[in-house]
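1. How does the following fold in three dimensions:
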Amino acid sequence: MEELSLYERFQTKLQAVSGECYRTQTLAEAEALIAKILKDKGIGTVAMVKSPMVGAMNLDRSLTDQGITVYTDRYQEVTPTVGAGITEMKWAISELGTLIQYAEDVNERLCSSFTPLHIALVQTSTLLPDIMTALATIHKEPRIPGYVGFITGPSRTSDIERVLTIGVHGPEQLVAVFVDEQAGEGAVNG
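-> The predicted structure is shown next:
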C-alpha cells in the first residue's frame with residue numbers, strides 16, 4: 001500500500017478529532033473557499049489578523065464584497081462577538097493533525113481561541129512529518145517568540161464522568177485551509 005502524502009495524513013488525523021481540512025492550489029481558490037465556508041456556516045462577522053497569506057489574497061476586501069463584516073483591529077472588543085477568527089499558522093504536523101501557531105502578537109491568539117469558528121491558513125510547504133521534526137524546526141529558529149501553540153481540532157474537554165464537551169475553552173469548530181501557492185514572507189523554498 002502506498003504511503004499517504006503529508007497532507008492526506010494530516011487531513012485524516014484532523015478529521016478524526018472533528019476538524020475540517022481543505023487544500024487549494026492557489027490563493028484565489030483559497031479566498032473563494034473561505035468565503036463559501038463562512039456563507040455555508042451562516043457566519044456574517046470575522047476577526048482576522050493581517051498576515052502574508054491574508055495580504056496576498058486581499059481577503060478582507062473579498063469577504064467584505066461577499067457581505068461579511070471583517071474586523072482587523074480592536075480584537076479584545078470584537079473576538080467575543082464575531083462568528084469566526086482567521087489566522088495564519090507557521091507549520092503543521094502531519095502525524096498528529098496539529099497546527100503550530102507561532103505568535104508574538106496576542107491578537108493572533110484572540111482570533112484563534114475566542115471565536116466559535118477558527119479558520120487556520122497554512123502554506124502546504126510548511127507541513128512537517130512528525131513532532132520531532134517540528135521541535136527541531138522550532139529549535140532552529142533564530143528567536144522563539146513568547147508563544148508557540150499546538151492546535152489539534154476544536155476545543156475539547158470532559159468532566160469527571162468523561163462527558164465530552166466541544167468548544168468550552170476555545171473554538172467549537174476548526175477549519176484548516178492549506179494553500180499550495182506561496183505567499184509573502186511565509187513562503188518556504190522546497
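
2. Centroid-nearest residue for the chain?
-> residue 120 (1.3 Å; CA atoms, centre = their mean).

3. That residue belongs to a helix, doesn't it?
-> No: applying DSSP: H, G, I helix; E, B strand; the rest coil, one finds residue 120 to be strand, outside a helix.

4. got a pLDDT number for it?
-> Note on residue 120: pLDDT of 96.

5. Residue 107: how many residues sit nearby?
-> Neighbourhood size, residue 107 [other CB atoms under 10 Å]: 20. C-beta here means a position set from N, CA and C on the backbone, and glycine is covered the same way.

6. Hmm, residue 150 is touching residue 99, no?
-> Yes: using CB atoms under 8 Å, residue 150 is in contact with residue 99, at 7.4 Å.

7. Between the two, tell me which one has more neighbours.
-> residue 99 (27 against 13).

8. so how far is residue 88 from that one?
-> 10 Å (CB to CB, to the nearest Å).

9. and residue 44, how many neighbours does it have?
-> With other CB under 10 Å as criterion, residue 44 counts 14.

10. give the contact list for residue 14.
-> Contacts here follow CB atoms under 8 Å, 6 or more residues apart in numbering; on that basis residue 14 touches 20, 21, 97, 152, 153, 174, 176.

11. can you give me the offset of stretch 48-60 from its chain's centre?
-> Relative to the centre of its chain, stretch 48-60 is centred 13 Å away, using CA atoms, centre = their mean, to the nearest Å.

12. ok, so what distance separates residue 136 from residue 178?
-> 22 Å.

13. same deal with residue 5?
-> 11 Å.

14. More neighbours: those two, which one.
-> Neighbour count, other CB under 10 Å: between residue 5 and residue 178, residue 178 has more, with 24 against 13.

15. will you turn the contacts of residue 14 into CSV that also has pLDDT?
-> Shown next, in CSV, are the contacts of residue 14 (pLDDT from 0 to 100):
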residue, pLDDT
20, 95
21, 96
97, 94
152, 86
153, 67
174, 92
176, 97
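
16. the strands in this structure, which residues?
-> 20-24, 45-48, 69-71, 84-88, 91-93, 98-102, 117-123, 127-128, 148-151, 156-158, 164-166, 173-179 (DSSP state E).

17. low-scoring stretches of the protein, by residue?
-> The chain contains residues with pLDDT under 70 at 1-4, 153-171, 184-190.

18. Just the helices from it, written as ranges.
-> Using DSSP state H, the helices of the chain run over residues 6-16, 27-40, 52-57, 59-65, 75-78, 106-113, 131-140.

19. Now for residue 79, how many residues are close by?
-> By other CB under 10 Å, 21 other residues sit near residue 79.
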